[in-house]
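**Q** dropping a prediction and its sequence here:
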Amino acid sequence: MAYYERDAECECCEITEVHENLLKTVREKLPKEEELYDLAELFKIFGDSTRIRILFVLFEAEVCVCDLAQALNMTQSAISHQLRILKQNKLVKSRREGKSVFYSLADAHVRTIINQGLEHIEED
């Protein structure tokens with residue numbers, strides 16, 4: 001492969017030079033493999049637009065499945081499925097009041113994660 005073809009695919013170093021001092025710092029700071037896996041799994045949860053829509057509703061109020069289904073024009077079954085995933089991943093919490101179950105954000109981190117994502121996609 002000619003140099004110009006390789007360069008078009010990826011901007012790479014022309015020579016191999018390992019910077020040991022930088023690698024030492026990186027190795028010391030890099031989270032454990034299990035933490036990296038858990039983080040990747042968390043971000044997968046945000047990869048579904050229905051779950052994002054649910055979280056935006058929960059930014060505004062604590063709501064029951066009936067309210068969420070109505071607000072998002074979806075079935076209660078579909079909403080319940082997504083809420084189960086969000087709850088398993090500790091992004092939402094629930095509380096029972098009589099015959100109703102109300103959902104809310106688990107903590108302020110959820111709003112922060114979404115807001116950071118919004119800021120990122122809105123950058124020029």
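**A** Nice, thanks for sending it over.
**Q** can you pull out the helices in the protein?
**A** 3-9, 20-29, 33-45, 49-60, 65-72, 76-88, 108-122 (DSSP state H).
**Q** output the second one as CSV, restricted to C-alpha atoms.
**A** Listed next in CSV are the C-alpha coordinates belonging to helix 20-29 (Å, rounded to 0.1, in the frame of the first residue of the first chain):
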residue,chain,number,x,y,z
GLU,A,20,7.8,5.1,28.2
ASN,A,21,7.2,8.0,30.6
LEU,A,22,3.8,8.7,29.1
LEU,A,23,2.9,4.9,29.1
LYS,A,24,3.9,4.7,32.8
THR,A,25,1.5,7.5,33.7
VAL,A,26,-1.3,6.0,31.5
ARG,A,27,-0.9,2.5,33.1
GLU,A,28,-1.1,4.0,36.6
LYS,A,29,-4.2,6.0,35.8
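**Q** what about that helix, distance to the chain center?
**A** Here helix 20-29 is found 27 Å from its chain centre; the criterion is Cα atoms, centre = their mean, to the nearest Å.
**Q** ditto for the fifth one
**A** Using Cα atoms, centre = their mean, we find the averaged C-alpha position of helix 65-72 to lie 22 Å away from the chain's own average C-alpha position.
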